[in-house]
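A.B. asks: Need coordinates for the following:
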Amino acid sequence: MSPRFLSFLGRVLLAVLIVFAGVAAMAQTTPAAAAPPPAPAPSSDESPSRVDVFAGYSFLSPNGAINGNKGIPKGFTIASSYWFNKYLGAALETGSHFGDINTFNTLTFGPTFRIPLEGITPFGLATFGINRENPTGFSSKTGFGFTGGGGFDLHFLKRVDIRLIEAEYEYSHHNFANPAGGQTLRDNPGAAKISGGLVFHFGSLGPPPAPPSASCSAQPTDVMAGEPVQITVQPSNFNPKRTLTYTYTATGGKVNGTGQTVNMDTTGLAPGSYTVSANVSDGKKGAASCNAAFNVKQNQPPTISCSANPTTVKPGDTAQISCQGQSPDNRPLTYKHEASAGNITPNGPNAALNTQGAQPGPITVTSTVTDDRNLSANTQTTVTVEAPPPPPPPPPQAEKINQIEFPNKVKPWRVDNTAKAILDDVALRMQRDPDAKLVIVGSQDPTEKRKNLDAERAVDSKFYLTNDKGIDPNRIECRSGGTAGKVAEFWIVPAGATYPGSEPVVDETKIKPIPDHPAPKGPARRATAKKPAT
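C.D. replies: This is a model prediction of the structure:
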C-alpha cells in the first residue's frame, strides 16, 4: 500500500475518533437539571433495533513481516450486533481477505456502542478473538486477533442502513516455522481495514409502539350563545418528525382555525349540546380522531345575599354590609347599595354604613346586583342604631410640672443645688403617682456651641432622680432638641396619656451622665507633671 493512501487512512481514523470523543463529551456535559420532559411513545421507525447485521466489502492493508505493505482489495466483512440498550451492545465480527501472497480470516467478539442521531448513527467497537493467516510458502497459523474502530451508518430504509465507512485497526500474532530452517519467524501484522455495505435491523428495544391517538377538550364546556369555546387537540404516539394536520367539523357554530387549538363561534346557537370532531393526520399512515362537547345555556338572572356586621351599632358607628352575588351563567356582575338613613360607601359587592347623624332605630340597606345583560336581583339588610350612651370622662393628659435652669458657664450641664431642690419636688410627685411616667426635655440656647448639650442636661437630670432619689429609670424618658433655652423641662405623663411633643429620644447608650467633678483630661495631666518644682 502506498504511503499516500496510508496517510489518508490515518486522517480518516483520526476524524472518526474526534467525532466519537465530541459526541461522548456532549452527552456527558448535558445538565441533569435540564432534562427534557418525557417524549411521546416512539413510532416503530424510530425505535432502536435489538439486532443489527452488517455485510459488505472490505479492503485490508496489512503491514507484517511476511506480507509487507501490499494491500488486499479482495475481501468482505460480516458482523452481528446485539444491543442491550439504545447505546451499548456486543458485536461478533468475521471477515476474510484474499491476497496474492497472503490470506487473512478473522473471528472476534467484544463490546460495541452506537449514538443514534437523526439520519445518521456513529458507532464504534473493540473485539477480540482469533486471526488465521495463510501466507504463500508457509503453513497457515491461527493466533490472537484484535479489531477496533468505528464508522457511520446512514439511514436508508425502515430496516436498512447504508454503512458509509467503517475504519478499523486489525492486529494479530503468529509464529511461523522458517522454511529455510533456523529461527522461528514471528509475524505481528497491524492492518488498516476499510469496509462498507448494508446494515439490516431486526427487532426493537421497546414494546410495540402504541397506535396514534388523540384527545379533545373544550374550555369552557358551558357557555352562553355568543361566548367563544376553545377546542384543544392533544395528539399522542405520532412520529415527531412528521408535520400533523388538523381538520374539524361541528354540529353547530363556526370553527375558526386549523391548528392544534381552535375557537368555536357560538353566535346565534340555541340552547343545547353541541359536538366538535377533530381529525389528525401525519400525511402518511398515522391518523386519529376525537370529539369534544359543549353546552349552550339558557339566560338565568343573578342571585344575591347580604349580611350586616354588626347588626346593632352605637350612634356614629359603622356597620359593614357584606354581599355575595352569583351568576348561574358566569356573567360579570355590578353592585349598587342604598340606605334609608346614614351614609353608605360602596366597595364592589360590599359597603360601609356610617350612622353619623342617624336617629336611633332601624336603618334599611337595599343591595342590588346586575349582570351585563341587565338581569338583576336585590335584597335588604337591617342595621339598628342604639340610643347614645353618656359621654365618657375626658382622657388623662400629660402636663408640664416644672423646669430647671443651667446657669453655670463652665459646666453648662451641671445640676446645681437650686435645680436639685426642684428635682426633689419632681421625685415626690413621681412617688405619689407610681403609674405615671416622666419625660425630661433638654434644651440649649442657640449661642451654646457644645454638641449634645441639650441631651446631656436631660440625662444629668435623670441621673439625679434615679441615683439620688431612687426613681425607677424605666419610668423616665429623656428627649433632646427643646427650644426653651438653657433649661430642662419636666412633663408628668399619667397612665393612659401620651407625651404631646415630638422631640427625639436620647440614645442613652451614647449620651452618659457627666460627673459633677470630672477628672482632668490626659494632656492637661501630663502638662502639670512636666512643670518644674519651685
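
A.B. asks: Helices along this structure, start to end?
C.D. replies: Assigned by DSSP state H, the helices in the chain fall at 3-29, 417-432, 453-463, 522-530.

A.B. asks: Report the buried residues of stretch 385-397.
C.D. replies: V385 (16 or more other C-beta atoms under 10 Å). (C-beta placed from N, C-alpha, C; glycine too.)

A.B. asks: Tell me where the model's unsure across the stretch 151-300 of the chain.
C.D. replies: The stretch 151-300 of the chain contains residues with pLDDT under 70 at 179-183.

A.B. asks: just for the stretch 401-534 of the chain, where's the confidence low?
C.D. replies: Along the stretch 401-534 of the chain, the parts satisfying pLDDT under 70 run over 517-534.

A.B. asks: try 90 this time
C.D. replies: Within the stretch 401-534 of the chain, the segments meeting pLDDT under 90 span 482, 514-534.

A.B. asks: what are the ranges of the strands in it?
C.D. replies: For the stretch 401-534 of the chain, the strands defined by DSSP state E, counting those that start in this stretch occupy 437-443, 476-482, 487-493.

A.B. asks: Which of those has the highest mean neighbour count?
C.D. replies: strand 437-443 (a mean of 24; mean count of other C-beta atoms under 10 Å).

A.B. asks: Export that one to PDB, keeping only CA atoms.
C.D. replies: The C-alpha trace of strand 437-443 is given here as PDB (Å, rounded to 0.1, in the frame of the first residue of the first chain):
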ATOM      1  CA  LYS A 437     -44.000  58.300  83.700                       C
ATOM      2  CA  LEU A 438     -41.700  61.300  83.400                       C
ATOM      3  CA  VAL A 439     -40.400  62.900  80.200                       C
ATOM      4  CA  ILE A 440     -37.400  65.200  80.500                       C
ATOM      5  CA  VAL A 441     -36.900  67.600  77.600                       C
ATOM      6  CA  GLY A 442     -33.400  69.100  77.400                       C
ATOM      7  CA  SER A 443     -32.900  72.400  75.600                       C
END
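
A.B. asks: and that strand, what other elements does it pack with?
C.D. replies: Other elements packing on strand 437-443 under the criterion 3 or more C-beta pairs under 8 Å, 6 or more residues apart in numbering; DSSP states H and E are helix 453-463, strand 476-482, strand 487-493.

A.B. asks: Could you measure from F200 over to F113?
C.D. replies: Going from F200 to F113 by C-beta to C-beta, to the nearest Å gives 19 Å.

A.B. asks: quick one: which of those two has more around it?
C.D. replies: Using other C-beta atoms under 10 Å as the criterion, F200 and F113 rank with F113 on top: 19 against 15.

A.B. asks: Surely that one is in contact with G124?
C.D. replies: Yes: under the criterion of C-beta atoms under 8 Å, F113 makes contact with G124 at 5.6 Å.

A.B. asks: from what I can see I471 touches L428, true?
C.D. replies: No: counting by C-beta under 8 Å, I471 does not reach L428; the two are 10.3 Å apart.

A.B. asks: Who has more neighbours out of the two?
C.D. replies: I471 (19 against 10).

A.B. asks: Which residues are in contact with the more buried one?
C.D. replies: By C-beta atoms under 8 Å, 6 or more residues apart in numbering, the contact set of I471 is 427, 430-431, 438, 465.

A.B. asks: now do P62
C.D. replies: For P62, the contact set (C-beta under 8 Å, 6+ apart) comprises 70, 72, 102, 104, 170, 189-191.

A.B. asks: Looking at the residues you listed, which is nearest G272?
C.D. replies: Nearest to G272 among those, counting by C-beta to C-beta, is E170 at 78.0 Å.

A.B. asks: Test of understanding: give the bridge partners of the closest one.
C.D. replies: Judged by DSSP bridges, the bridge partners of E170 are T147, A191.

A.B. asks: Next one: it from C290, what distance?
C.D. replies: Using C-beta to C-beta, E170 is found at 57 Å from C290.

A.B. asks: Between those two, tell me which one has more neighbours.
C.D. replies: A side-by-side neighbour count of E170 and C290, using other C-beta under 10 Å, places E170 first with 25 against 18.

A.B. asks: got the contact list for R331?
C.D. replies: Residues near R331 by C-beta under 8 Å, 6+ apart: 224, 302, 371-373, 375.

A.B. asks: let's see it at 7 Å
C.D. replies: By C-beta atoms under 7 Å, 6 or more residues apart in numbering, the contact set of R331 is 371-373.

A.B. asks: likewise N354?
C.D. replies: Residues near N354 by C-beta under 7 Å, 6+ apart: 318, 342-343.

A.B. asks: So among those, where is pLDDT lowest?
C.D. replies: Here the lowest pLDDT out of those sits on G342, with 89.

A.B. asks: I figured that one hits A358, correct?
C.D. replies: Yes: counting by C-beta atoms under 7 Å, G342 does reach A358; the two are 4.3 Å apart.

A.B. asks: Compare the two (neighbour count), which wins?
C.D. replies: More crowded of G342 and A358, by other C-beta under 10 Å: G342, with 22 against 19.

A.B. asks: Tell me the spatial nearest neighbour of F294, not counting adjacent residues.
C.D. replies: Sequence neighbours aside, A218 is the residue nearest to F294 in space, at 4.4 Å (criterion: C-beta to C-beta, 6 or more residues apart in numbering).

A.B. asks: Kindly provide the distance from that neighbour to N295.
C.D. replies: 9 Å.

A.B. asks: same check, this time on G348
C.D. replies: For G348, the distance to N295 (C-beta to C-beta) stands at 30 Å.

A.B. asks: thinking again about what came up before, pick out whichever of A218 and N295 has more residues nearby.
C.D. replies: A218 (20 against 14).

A.B. asks: what residues are up against the more buried one?
C.D. replies: Residues near A218 by C-beta under 7 Å, 6+ apart: 229, 231, 276, 292-294.

A.B. asks: Could you report the neighbour count for the nearest residue to G129 once chain neighbours are set aside?
C.D. replies: Spatial nearest neighbour of G129, excluding adjacent residues (C-beta to C-beta, 6+ apart): T108 at 3.5 Å. T108: 23 surrounding residues under other C-beta under 10 Å.

A.B. asks: Which residues does T108 form beta bridges with?
C.D. replies: T108 has these beta-bridge partners by DSSP bridges: E93, G129.

A.B. asks: Is it correct that it is in contact with L125?
C.D. replies: No: contact between T108 and L125 fails when scored by C-beta under 7 Å: they sit 9.0 Å apart.

A.B. asks: How about P513: what's its closest non-neighbour residue?
C.D. replies: Closest to P513 by C-beta to C-beta, 6+ apart is F463, at 3.8 Å.

A.B. asks: Can you report how many residues neighbour the one you found?
C.D. replies: Residues lying near F463 (other C-beta under 10 Å) number 19.

A.B. asks: got it, and G257?
C.D. replies: Counted with other C-beta under 10 Å, the neighbours of G257 add up to 13.

A.B. asks: my read: T261 touches Q230, true?
C.D. replies: Yes: using C-beta under 7 Å, T261 is in contact with Q230, at 6.4 Å.

A.B. asks: which residues touch stretch 293-301?
C.D. replies: Outside of stretch 293-301, the residues within contact range by C-beta under 7 Å, 6+ apart are 218, 221-225, 229, 266, 269-275, 328-329, 373, 375-377.

A.B. asks: ok, now stretch 370-383?
C.D. replies: Contacts to stretch 370-383, defined as C-beta under 7 Å, 6+ apart, come from residues 299, 301-308, 311, 313, 319, 321, 327, 331-334, 353, 362-369.

A.B. asks: next one: stretch 474-481
C.D. replies: With contact meaning C-beta under 7 Å, 6+ apart, stretch 474-481 is reached by 430, 437-442, 454-455, 458-459, 462, 465-466, 501, 503-506, 508.

A.B. asks: Highest neighbour count among the contacts of R331?
C.D. replies: Within the contacts of R331, neighbour counts (other C-beta under 10 Å) peak at D371, which reaches 21 neighbours.
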